[in-house]
Each structure stands twice: as C-alpha cells, then as structure tokens.
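# pasting the sequence and the predicted model now:
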Amino acid sequence: MFREDDLLSSAPLVFGIGQCSLDYIGLISSYPPPDVKCEFTDLVIQGGGPAASAMVALKRWGLDVHLAGVVGDDDFGKQIRNFLVAENIDTTGLVVRPQRQSQFAFIVSEPSLARRTIFWQRPTGEELKPDEINTDILLQSSALHIDGLYTEACLWACRRAKDAGIPVILDAGTLRDGMTDIIRLSDCVVTSEVFSNAFSETHPDTCLKLAGMGVKLAGVTLGSKGYIALADGRWIQKDAYRVKAIDTTGCGDAFHAGLTYGIVVGWSAEQSLDLGAWAAAMVSTKMGGRTGIPSLIELKNKFKTGS
C-alpha cells in the first residue's frame, strides 16, 4: 500500500551501475526466414540498458538516482546522455571513453507473439573501473542497483555497500563470468528465465540455490507466466498482469526498478514484487523500454488500496 510518508522530504538515493544503451525499436508482423526482406514500422529511438532504464523509472517515481557507466565519445553516446539528462538523471558517473563506440541495440518486436529479438553491440571502451565510482555518493545511497556488466566495478561497489549496510539489488539477466561472486554480495537477486535455465535445472532450484548463497530475496521472472520468488524462507508466486503486450523491451528493467523502489521505501517482499510485475506489464503496452513506465501518480493510484 502506498503512503505519502513513504517518500520523505529528502528523497532516498539509489546508486546504479551498469549498461547504458541507445535503442532503435521497430515492429514486425513475424520474424523473416534468411534472405528475405522484412519491413518494420513504428520506429522508436530512445535510451536503454537495464541499469539506465531502471534509474529512469526510479527517478520518475520520486527517488534520487546516480548512474555510473561507460559510453563512447560518438553520437550514440551523446544521445544516451541527452536522454538521461532529459529525465533529470545525475550523469556525473557516466564515463566517456575517447575514440570509442557506445552500446547500441536494434530491437524488432513481434506483438502477435509478445516477443522481441535484440541485436546489440557492446561498448568498445574499457569497462568501468572501481576508481571511477564516486564513493561519497555510493555511501550516501539507500540502495545499490546493478546489472553485473562491469564485474570488477560491481564487486568493489558491492563490498563497500555491504560494509555500510546498504542493500544490493542485482538484475541478473545473463550468467556472465564473475556473476556468482556478485551474487554472494547481493541481498536481492531476481534472474531472467535465460539466466535461470543456465544456472539450475528448475526455477525453484534457482531460488533455493541463490538463497543458499546468502540472497535474502531470490526470484525468477517468467514473462507472461509471472514470477516465482523465495523471500526469507517463504515462497511467493504470482501470474503476470493481463495486458495487451506490444513490445516487451525493458520489462525486466521495470520489474527490477519496482523491486528496488519497494525495498527503499520499506515495502514487504510481496508488495515490492507486485509493483515490479505491474510496472513491467505497463511497459509492455508501449513501444520501447521507457515509454510505458508508469508515472508516480499512476503508482500512487494503483497501490494506495493495495489492489
């Protein structure tokens, strides 16, 4: 349930570390076979990336955010920064690598099947380094939100956060090298189906395995099937909100943003997961990962009665 005093006069700060991307998203009726031309429509160009889009959502919901990441000095990097600045995101932690290319994605969505295909390029610059993280801001934060892309920087930040009693929320989309070390320093880990399938035999096993590694809130998002989670020994499972999905880009980012919001303002695991699921569903009804992020007013209206 939303309460006005959940947001204090001085808004809590969330420190984000992770991917910043420029996304080109288009609609297709169906994915083509090889050597066949396919026309796409409804082109949307906007910023993306799991951590970056989560910070956008949290900022729209009234929290202060700081984003640490890497872009190149190319035009894509300028657009990524401009999209973040337009959302009043603190981008002082966004490091520009000279003569390097920024992360870029081309995404085609198939509304009839509620799925999308992503073609992406990693940033070509050096990864974010620990000494490029603003420690003072990190230690003032109410939560650390990461996607695990910059392993060394994430591990360093996680250790500092743990020492300071700051909760660590990991958006585990892909099982990368070093991810298990990051998990052991995280309080909340919700994985994608892809991650879970690579991590364990079943989704409940993934939750149990994560809990055994010290994670307090472990879960797996299941797309249109909702999610399953294990919080302090109790199972939580819920179907997805029923909506007409157009584009699923950014749904996981919104889910994790809702989870982080709930943790920061002191909601229960059930409420935090429900906010994440609802935000993800709302995002899927619009093109692009940020267009459908619900407003703070919509969030208040949805959760003031706990419905």
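Good, I have the coordinates.

# could you measure from Val215 over to Leu175?
15 Å (CB to CB, to the nearest Å). In this view, the C-beta of every residue, glycine as well, is placed from N, C-alpha and C.

# the more surrounded of these two?
For Val215 and Leu175, the more surrounded residue by other CB atoms under 10 Å is Val215, and the numbers stand at 23 against 17.

# correct me if wrong, but that one is in a helix.
No - going by DSSP: H, G, I helix; E, B strand; the rest coil, the assignment for Val215 is coil, not a helix.

# backbone dihedrals for it, please?
phi -80, psi 130 (degrees, to the nearest 10).

# what ranges does the chain have for its strands?
13-17, 21-27, 41-48, 64-72, 90-97, 103-110, 115-121, 143-146, 168-172, 188-191, 217-221, 227-231, 234-238 (DSSP state E).

# in a markdown table: these, plus mean neighbour count.
Output for these, formatted as a markdown table (neighbours: other CB atoms under 10 Å):
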| stretch | mean neighbour count |
| --- | --- |
| strand 13-17 | 26 |
| strand 21-27 | 22 |
| strand 41-48 | 18 |
| strand 64-72 | 25 |
| strand 90-97 | 18 |
| strand 103-110 | 21 |
| strand 115-121 | 14 |
| strand 143-146 | 27 |
| strand 168-172 | 27 |
| strand 188-191 | 28 |
| strand 217-221 | 27 |
| strand 227-231 | 22 |
| strand 234-238 | 13 |
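
# ranking those by mean pLDDT, which is last?
Of all those, the minimum mean pLDDT falls on strand 115-121 (a mean of 89).

# show me what that strand is packed against.
Applying 3 or more CB pairs under 8 Å, 6 or more residues apart in numbering; DSSP states H and E, one finds that strand 115-121 makes contact with strand 103-110.

# quick one: strands adjacent to the strand it packs on?
The pairing partners recorded for strand 103-110 under DSSP bridges are strand 21-27 (parallel), strand 115-121 (antiparallel).

# which other residues reach that strand?
If you take CB atoms under 8 Å, 6 or more residues apart in numbering as the criterion, strand 103-110 is touched by 19-31, 40, 48-49, 71, 76, 80, 115-123, 246-249, 287.

# repeat for stretch 29-39
Against stretch 29-39 from outside (CB under 8 Å, 6+ apart): Ile28, Val108, Glu110, Ser112, Leu113, Thr117.

# stretch 244-259: which residues count as buried?
245-259 (16 or more other CB atoms under 10 Å).

# return the subset of the residues you listed lying in helices.
Among the buried residues of stretch 244-259, the members found in helices (DSSP state H) are Cys251, Gly252, Asp253, Ala254, Phe255, His256, Ala257, Gly258, Leu259.

# want to throw the strands paired with strand 103-110 into TSV with distance to Leu139?
As requested, the strands paired with strand 103-110 are exported to TSV (distance: least, CB to CB, whole Å):
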stretch	distance to Leu139
strand 21-27	28
strand 115-121	33
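
# so which of the ones you listed is nearest Leu185?
Among the strands paired with strand 103-110, strand 21-27 comes nearest to Leu185, with 24.9 Å by CB to CB.

# enumerate every residue touching the residue nearest the centre of the chain.
Taking CA atoms, centre = their mean, the centroid of the chain lies closest to Asp253, which sits 2.9 Å from it. Residues near Asp253 by CB under 8 Å, 6+ apart: Gly49, Pro50, Ser53, Ala54, Ala57, Asp171, Val283, Gly289.

# which one of these sits closest to Arg160?
Asp171 (18.9 Å).

# can you tell me how far the residue of the chain most remote from its centre is from Ala269?
Distance to the chain centre peaks in the chain at Asp35, reaching 34.4 Å (criterion: CA atoms, centre = their mean). Using CB to CB, Asp35 is found at 49 Å from Ala269.

# also Cys38?
In terms of CB to CB, Cys38 sits 42 Å off from Ala269.

# higher neighbour count, those two?
Using other CB under 10 Å, the more surrounded residue of Cys38 and Ala269 is Ala269, with 20 against 12.

# once you drop chain neighbours, what's closest to that one?
Nearest residue to Ala269 in three dimensions, chain neighbours excluded: Ala231, at 3.8 Å (CB to CB, 6 or more residues apart in numbering).

# tell me what the one you found is bridged to.
Bridge pairing for Ala231 - DSSP bridges - gives Leu217, Arg234.

# ok, now how distant is it from Gln237?
When distance is defined by CB to CB, Ala231 is 11 Å away from Gln237.

# ok, now Cys207?
For Cys207, the distance to Gln237 - CB to CB - is 10 Å.
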